[in-house]
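Engineer: whatever this is, show me its structure:
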Amino acid sequence: MLEITPTERFSSRVGNYSRFRPSYPVAVVDILKQQCALMPESIIADVGSGTGIFTRLLLESENRVYGVEPNQAMRKAGEEYLAGHPKFTSVAGTAENTTLPSASMDLITAAQAAHWFDRGKAIAEFRRILKPAGYLALVWNDRRTDASGFARDYESLLLEYGTDYAEVKRRDAASQEFFGDITHRKHVLPNFQEFEYAALEGRLLSSSYTPPSGHPSHEPMLRELRRIFDAHKQAETVLMEYDTNLYFGQLA
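Structural biologist: You can find the predicted model right below:
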């Protein structure tokens, strides 16, 4: 089977990703204002901006934001989602080659994306486009895998049916050392989503490591998801809990 490159992994998942992936606590932006000198006049590059979920929070703080996204389908969805924001500019670029001018950005953000970057090349590019006092902020919604019976069963489902779930988990954990020996800070914020069954199925299928329709494991996976939902639902919903991990520092 041909390996899908990181920039193309979500091409077939765009609809579910846009509708069912979690947003981020507004407090993330408050921390960026307090700790990273984010001001209304600050210019931001949101790298790996995808369908615009995190980008929208930045735009709602009245900042000019360049959404850098290599995947054409994701980028188009982001452009449609953010069409009403005049301070948004869509950019076809990568973390390693943003195409943005040197020393032009006050802040670089990456939400749920840095585990796909080539760390060395990305840091070099970020240093190029950041202003001397600029900051880099990385954000992840990390699902709490042991928060409840539902969380444990959902994790077991992914371990059984995920096509390369273990590898993605490994990359995700490693990427949270992205700063390495660069001085940085971390904040952890609570986050959650509440799902009826159809939305839970959409959330599952938004993940690049779940077998798509037509794969031999697709239908068995959905039957197991339905069993898990029925076993844990309260008033026809289940709760998915996250830690929103925010890392930030200066690269100069």
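
Engineer: only C-alpha atoms for contact and neighbour calcs from this point on.
Structural biologist: Will do.

Engineer: how about the helices in this structure?
Structural biologist: Under the criterion DSSP state H, the chain carries helices at the ranges 14-20, 27-35, 53-59, 72-81, 119-129, 149-161, 165-175, 197-205, 218-232.

Engineer: wait, Thr244 sits on Arg144?
Structural biologist: No - the pair Thr244 / Arg144 is not scored as a contact, 10.0 Å apart, by C-alpha atoms under 8 Å.

Engineer: of the two, who's got more company?
Structural biologist: Between Thr244 and Arg144, Thr244 has the larger neighbour count (other C-alpha atoms under 10 Å), namely 21 against 16.

Engineer: for the more buried one, what are its contacts?
Structural biologist: Tyr24, Pro25, Val139, Trp140, Asn141, Asp142, Val188, Leu189, Pro190, Asn191 (C-alpha atoms under 8 Å, 6 or more residues apart in numbering).

Engineer: give me whichever of the helices of the chain is most buried.
Structural biologist: Highest mean neighbour count of the helices of the chain: helix 53-59, a mean of 21 (counted as mean count of other C-alpha atoms under 10 Å).

Engineer: report the distance from that one to the chain centre.
Structural biologist: 12 Å (C-alpha atoms, centre = their mean, to the nearest Å).

Engineer: begin at 46, not 1, for the rest of this chat.
Structural biologist: Got it, first residue is 46 now, which makes that one helix 98-104.

Engineer: let me see the mean pLDDT of that helix.
Structural biologist: Average pLDDT, helix 98-104: 96.

Engineer: low-confidence ranges, the chain, go.
Structural biologist: 46-58, 216-220 (pLDDT under 70).

Engineer: how does it look with 90?
Structural biologist: 46-66, 160-161, 207-223, 225-226, 251-254, 257-258, 296-297 (pLDDT under 90).

Engineer: center of it, which residue is that?
Structural biologist: By C-alpha atoms, centre = their mean, the chain has its centre lying nearest to Gln157, at 2.3 Å.

Engineer: who's the nearest residue to that one once chain neighbours are set aside bridged to?
Structural biologist: Nearest non-adjacent residue to Gln157, counting by C-alpha to C-alpha, 6 or more residues apart in numbering: Trp185, 4.9 Å away. Here Trp185 sits in beta bridges with Asn290, going by DSSP bridges.

Engineer: can you get me a residue count around Trp185?
Structural biologist: 21.

Engineer: what about it, distance to Arg271?
Structural biologist: Separation of Trp185 from Arg271 (C-alpha to C-alpha, to the nearest Å): 27 Å.

Engineer: try Arg188
Structural biologist: Arg188 sits 19 Å away from Arg271 when distances are taken as C-alpha to C-alpha.

Engineer: give the contact list for Val213.
Structural biologist: Tyr254.

Engineer: and of the helices of the chain, who's closest to Gln295?
Structural biologist: helix 164-174 (9.2 Å; C-alpha to C-alpha).
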